[in-house]
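>>> build me a model:
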Amino acid sequence: QVQLVESGGGLVQAGGSLRLSCAASGLAFSSYAMAWFRQAPGKEREFVAVIGRSGAITNYANSVKGRFTISRDTIKSTMYLQMNSLKPEDTAVYYCAAALGIRYYPNEYGHWGQGTQVTVSL
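Take a look at the predicted model:
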């Protein structure tokens with residue numbers, strides 16, 4: 001049974017930082033591209049960042065480029081999202097997802113975590 005478990009969310013002031021983690025089990029972690037999506041209240045789930053199977057390829061939404069960094073640790077079967085210079089508009093539930101290739105749309109991912117809340121205050 002595939003499980004993706006996010007952690008690290010919380011409340012932070014604008015300009016602050018958070019590091020999200022996504023621990024994977026029940027799948028061959030090194031065979032999957034991993035991604036972060038987010039969903040704010042009343043909005044659709046949107047792509048944030050993706051990392052390829054080896055970690056050599058990464059891509060980011062324009063809204064987070066230069067502020068967020070995605071990474072992965074194959075030994076720990078864990079993916080990370082380092083979020084710096086946070087803005088109130090980054091407030092959302094953040095989800096990790098796994099797919100067999102790099103994808104950018106939610107319906108292309110078959111495995112999801114339960115989400116972790118990130119709230120950025122002024």
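
>>> can you say which helix or strand has the residue nearest to the spatial centre of the chain in it?
Nearest to the mean C-alpha position of the chain, by CA atoms, centre = their mean, lies residue 36 at 2.4 Å. Residue 36 belongs to strand 33-39 when elements are defined using DSSP states H and E.

>>> coming back round to it: next up, the contacts around the residue nearest to the centre of the chain.
For residue 36, the contact set (CB atoms under 8 Å, 6 or more residues apart in numbering) comprises 20, 22, 48, 49, 50, 70, 79, 81, 94, 95, 96, 97. Backbone N, C-alpha and C define where each C-beta goes, glycine included.

>>> how about a cut-off of 6 Å?
Contacts for residue 36 (CB atoms under 6 Å, 6 or more residues apart in numbering) come out as 48, 49, 81, 94, 96.

>>> how many other residues sit next to the closest residue to residue 85 other than its chain neighbours?
For residue 85, ignoring the flanking residues on the chain, the nearest one in space by CB to CB, 6 or more residues apart in numbering is residue 67 at 4.6 Å. Per other CB atoms under 10 Å, the neighbour tally for residue 67 reads 15.

>>> I'd guessed residue 67 sits against residue 86; true?
No - the pair residue 67 / residue 86 is not scored as a contact, 7.6 Å apart, by CB atoms under 6 Å.

>>> buried stuff in the strand holding residue 36?
Neighbour-count burial for strand 33-39 flags 33, 34, 35, 36, 37, 38 (criterion: 16 or more other CB atoms under 10 Å).

>>> what bridges to the fourth one?
Assessed by DSSP bridges, residue 36 has beta-bridge partners residue 49, residue 96.

>>> separation between it and residue 96?
To residue 96, residue 36 is 6 Å away according to CB to CB, to the nearest Å.

>>> what touches both of residue 67 and residue 86?
Joint contacts of residue 67 and residue 86 (CB under 6 Å, 6+ apart) do not exist.
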